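In: Below are the sequence and a predicted model for it; my questions follow.
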Amino acid sequence: MSALFPDTHPKMEALQIRLWRQASPTRKMNMLAQLNASARLLAWTGLQARFPNASEDELRFKLACLLLGEELTRKVYGTHREASHAK
């Protein structure tokens, strides 16, 4: 079997894979939810660093663009100006 993680010892990687296979579907879904939350937090933090003067509404719009793509975000939320006035 080829290594999934080149920086991980093969025995530890085999153990990790075995644990993933043994995990219940609920446990796997919880791990996935945690990964998604971490990814969103990293994206949000990155946006805050790139746009320090942006409002929270602007950052939410930019996050939606990252997650959904700009075209779908504009279809769902309109432009940022329209989205912020809709409240």
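Out: It's in.
In: surely residue 62 meets residue 56?
Out: No: using CB atoms under 8 Å, residue 62 is not in contact with residue 56, being 10.7 Å away. Using the backbone N, CA and C atoms, a C-beta is placed for each residue, glycine as well.
In: Could you list every helix and strand that the helix or strand where residue 44 lies packs against?
Out: Using DSSP states H and E, residue 44 falls within helix 25-50. When contacts are defined as 3 or more CB pairs under 8 Å, 6 or more residues apart in numbering; DSSP states H and E, helix 25-50 packs onto helix 56-68.
In: okay, the angle between the following helix or strand past the helix it packs on and helix 56-68?
Out: Using DSSP H and E, the helix or strand that follows helix 56-68 in sequence is helix 70-77. Here the directions of helix 70-77 and helix 56-68 differ by 130 degrees (axes from the mean of the first three to the mean of the last three CA atoms, to 10 degrees).
In: Which of the residues in helix 70-77 are classified as buried?
Out: Neighbour counts over helix 70-77 (16 or more other CB atoms under 10 Å) mark 73-74, 77 as buried.
In: Report the contact partners of the most centrally placed residue in the chain.
Out: Centroid check for the chain by CA atoms, centre = their mean gives residue 39 as the closest residue, at 3.0 Å. Shown in contact with residue 39 (CB atoms under 8 Å, 6 or more residues apart in numbering): no residues.
In: and with 10 Å instead?
Out: 66-67 (CB atoms under 10 Å, 6 or more residues apart in numbering).
In: Also residue 6?
Out: Residue 6 makes contact with residue 13, according to CB under 10 Å, 6+ apart.
In: Switch the buried residues of helix 70-77 over to CSV, and while doing so, append distance to residue 18 and pLDDT to every line.
Out: Formatted as CSV, the buried residues of helix 70-77 follow (distance: CB to CB, whole Å; pLDDT from 0 to 100):
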residue, distance to residue 18, pLDDT
73, 40, 93
74, 45, 92
77, 44, 87
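In: Could you report the neighbour count for the residue nearest to residue 48 when sequence neighbours are not counted?
Out: Spatial nearest neighbour of residue 48, excluding adjacent residues (CB to CB, 6 or more residues apart in numbering): residue 59 at 6.5 Å. Other residues lying near residue 59 total 16 when counted by other CB atoms under 10 Å.
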